[in-house]
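Peer 1: Using only what follows, build the 3D model:
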Amino acid sequence: MAASLYIVVEGEDPGYDIFVNGQALARNEDALEQLAERLKVSPLLEFFSADENSMALLLEQGAGNPDWARHLPEPQWFSAPDGLRTVRGLIDFLAGNPAALGSDTQQVLFELREYERVLQKTAEHELHWHLAVSWR
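Peer 2: All right, here's what the predicted structure looks like:
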């Protein structure tokens, strides 16, 4: 089962495409967390929050416990500029160090640039966001 880190933007429909792949980011999360700490930016998973919709998707996909999902706290929302600081810090480092994550570096860079595009639009619309996880 492959995991994917995807962006959720606050509200029903932000009016722009928020699709991001996120599979390479999920696969390399440990290395990216260590890199973020070295770069003194927030690790991506600090922007994670579970909400009822993402938990419903997990349950449909056969992951998670229905009893646990009923007792979720309210989702947390984060500032798009804060997310952009992390994403751009990682992009800058990986663009200058193309072997940093081995054969996954280029795919991680591609996905980080997808994140940058979505977070830039989110900032322009003055909306908040968080990361969610799906398993396929």
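
Peer 1: if I pick residue 93, what's in contact with it?
Peer 2: 35, 39, 100 (Cβ atoms under 8 Å, 6 or more residues apart in numbering). Every C-beta, even on glycine, is put in place using the N, C-alpha and C of the backbone.

Peer 1: Just the buried ones from the residues you listed?
Peer 2: 35, 100 (16 or more other Cβ atoms under 10 Å).

Peer 1: Any chance of CSV for the contacts of residue 93, columns pLDDT and secondary structure?
Peer 2: Listed next are the contacts of residue 93 as CSV, based on pLDDT from 0 to 100; DSSP: H, G, I helix; E, B strand; the rest coil:
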residue, pLDDT, secondary structure
35, 98, helix
39, 98, helix
100, 96, coil
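
Peer 1: possible to save the contacts of residue 93 as a markdown table with distance to residue 15?
Peer 2: Listed next are these as a markdown table, based on distance: Cβ to Cβ, whole Å:
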| residue | distance to residue 15 |
| --- | --- |
| 35 | 33 |
| 39 | 32 |
| 100 | 35 |
